[in-house]
Structure formats: structure tokens, C-alpha cells
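Novice: task: produce atomic coordinates for the following.
(one chain, ligands or ions: 1)
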Amino acid sequence: MTNIKQKIDTLQKKQWTKFISKNFASILIKWNPNSKLIKSYKNTFFGCADTLLVADNENLTTTYCKNRWCGVCNRIKTAKSINAYLPELEKLFNPVFVTLTLPTCNGDELPGRIKEMESEWRLIYQNSKKKSYLKKNNVFKGVRKAECTIRPYGMYHYHFHLILNDWQQAEWLVAQWLHRFPSASHKAQDIRFADETSFKELFKYAFKSEVKMSNENAKRFDLVFNALRNKRTFQCFGGINQIKEDFDEDELVNGIKLEGQANEIYKWCEEDWYRKSDGFGLVNKPIPQKVKDLIIEKPLN
Ligand SMILES: [Zn+2]
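Specialist: Coordinates of the predicted model:
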């Protein structure tokens, strides 16, 4: 019984995320017709978990877009990363959560800002390999994630979150950071002890914004996705093995089986996936209003 309930819960969450994600993609397409990413936006809209096939072995299968802005794919990436990295992070000596920031910048400055922060990070990382560092500290070990949030008044905030082995290396890192970026505020750099919640927070693949998705903001989202295009935003170091950020299709369906439905096809329409043979809805429950309220416009569909 629990098993069936779990299956319905999983499918329902997928349904809600799919609904929101498709809407987000439709707005990106509509307001950024000349974007370099237009093909990828369309792939999220048309090609991500849109058609579900029940394989011969009754497992549900589909294709995914794997794009940064896709909620459907991000949920899978998050689950996969937590599985892979949580046991590694639990082995750290006394893990801390570090945030490295600079003041916000405008859209024109964003690409240069990303480049500068990444190259300074690389230099700091190289310093952590030097004798002068290793004489006083443990091996520099942890994970780093880059994020870019959209702030009000046309501003952007590119920043790093890290989990490091211990407090001492976090202090060393922040000192290096402030030395390289005199404009960075001492107060804005943050070190705190990490626990399972902060580990999970770090692996949450979600696009964070302090402005609402709206027609006017669609161009700002496009600017960020372009700035981050082809950039790796996650890195492990000091002996933690990195898993590939990409995922295989078969990892993605949480092993959902639809008994007795081999070779059936479901197609997304408006709010649910419908069975091709008889129009039966896969989730067969309406999307709650609180979820619908998260979207701005009716999807193109
Ligand atoms: Zn996707």
C-alpha cells in the first residue's frame, strides 16, 4: 500500500514541477525569440518528460532536457547529487558552510564578473596546494557551487557556496578572498558549521531569484542563463570524487513501474499526461491552486 502511495506522490510532484517548468519555458521562448538559447528553451517546452513510454518491463521511461532552468531535471539532479555526495561530506572532519560574495553588479558587468571570480578562485585553489598552506592546514577539501541570483533594480549576484573540511581552512579561504577583492565586504562573507540541512541546501539544483518570473523579467533570466552557458557550476576537490553532472535517461524515473501497461504511451496536455489508448490521466488529480498560482501566464500548449 505504501508503495502505491509513494508512486502516486512521486508522480504528482513530477506533474506539478512539469506544469511550472513548462510554463517557465514558454515565457522564456515568448520573450526571448532571438536568444542563443532558444533551441534549448524549446527543448524544455516540447521535449522534457512530455511523452512517457511504458517499456516492455513496465518501467516508465521518457527523455529529459537537462537544462539549468528546468525544474523537472533539477529535481532529479538534486536527488542524484545528495545520494552521491552526502556520504562523502559526512566523512569531513568538522564541516563548515562558507559563502563568498562580491557586491551585486549590473547585467553588462555580469559576464566579466563571472570570469574574474572564477579565475581568482583558481588561483586561491592553487595556493592551497603550496607548502606554505599545507604546513599549517589540513588538505583543502570540499565542494564548491556557483550561483547567480537575480536581484531587484536590474542587479545580479554571482556568488559561491562551499562546504569545507574545517573552520581553519574556511578562515584561510575568506582571508584570501578579501585580499584579492578589496571591494568585498567583510561582513558579507559567511562561515558557519554545516549539518545535513546545509549539505542538502548546497545540492539543491534550483534557479533562485529575488524577482518574480514575469514578462518583464524574462529577458533578465535569459541574460543569466546565457552568462552561465556551458559553464560548470559545481566542483569537488581534495579527494572527493566528482560524479558527472549529466545523467542517464534510465536513472530518471525513480523506478516507477506501471503494472500491466507495457508499451502504453502517455502524452502531456495542459495539466497531466494522458494515455494514448483511452485518454486516461496518469496522475488523474487536478493541480492544486497554490501550484497554479506560481505561474504567470497560461502555457502556450
Ligand atoms: Zn528538463
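Novice: C-alpha only now, for contacts and for neighbours.
Specialist: Noted.
Novice: please enumerate the strands of the chain.
Specialist: In the chain, the strands defined using DSSP state E lie at 51-54, 60-61, 96-100, 105-106, 142-151, 155-164, 190-193, 234-237, 265-269, 272-275.
Novice: what helices and strands are in contact with the longest helix seen in the chain?
Specialist: In the chain, ranked by residue count with DSSP state H as the criterion, the top helix is helix 2-31. With contacts taken as 3 or more Cα pairs under 8 Å, 6 or more residues apart in numbering; DSSP states H and E, helix 2-31 sits against helix 38-47, helix 71-89, helix 215-227, helix 289-292.
Novice: buried residues of that helix, list them for me.
Specialist: 7-8, 11-12, 14-29, 31 (16 or more other Cα atoms under 10 Å).
Novice: and that helix with the ion, contact?
Specialist: No - Helix 2-31 lies out of reach of the ion by Cα under 5 Å from the ion, never closer than 7.9 Å.
Novice: same question, stretch 59-69
Specialist: Yes - Stretch 59-69 is in contact with the ion by Cα under 5 Å from the ion, via 64-66.
Novice: Ala146 bridge partners, please.
Specialist: Assessed by DSSP bridges, Ala146 has beta-bridge partners Phe160.
Novice: which ones are touching it?
Specialist: 158-161, 233-234 (Cα atoms under 8 Å, 6 or more residues apart in numbering).
Novice: mind running it again at 10 Å?
Specialist: 99-100, 114, 117-118, 158-162, 202, 228, 231-235 (Cα atoms under 10 Å, 6 or more residues apart in numbering).
Novice: need the pLDDT of it.
Specialist: Turning to Ala146, the model gives it a pLDDT of 95.
Novice: any idea of the pLDDT on Asn241?
Specialist: 86.
Novice: tell me which residues touch it, please.
Specialist: Listed by Cα under 10 Å, 6+ apart, the contact set of Asn241 reads 84-85, 88, 143, 235.
Novice: sorry, back to before: could you save the residues of stretch 59-69 next to the ion as TSV and add columns showing distance to Tyr133?
Specialist: Shown next, in TSV, are those (distance: Cα to Cα, whole Å):
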residue	distance to Tyr133
Tyr64	43
Cys65	42
Lys66	38
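Novice: and which of these is nearest Asn74?
Specialist: Nearest to Asn74 out of those is Lys66 (Cα to Cα; 7.7 Å).
Novice: so the closest one sits right up against Phe45, yeah?
Specialist: No - the pair Lys66 / Phe45 is not scored as a contact, 11.7 Å apart, by Cα atoms under 10 Å.
Novice: higher neighbour count, those two?
Specialist: Neighbour count, other Cα atoms under 10 Å: between Lys66 and Phe45, Phe45 has more, with 26 against 20.
Novice: residues from the stretch 51-200 of the chain in reach of the ion?
Specialist: Counting by Cα under 5 Å from the ion, the stretch 51-200 of the chain sits next to the ion at 64-66, 70, 73.
Novice: would you turn those residues into a markdown table with pLDDT?
Specialist: Formatted as a markdown table, these follow (pLDDT from 0 to 100):
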| residue | pLDDT |
| --- | --- |
| Tyr64 | 92 |
| Cys65 | 94 |
| Lys66 | 91 |
| Cys70 | 94 |
| Cys73 | 91 |
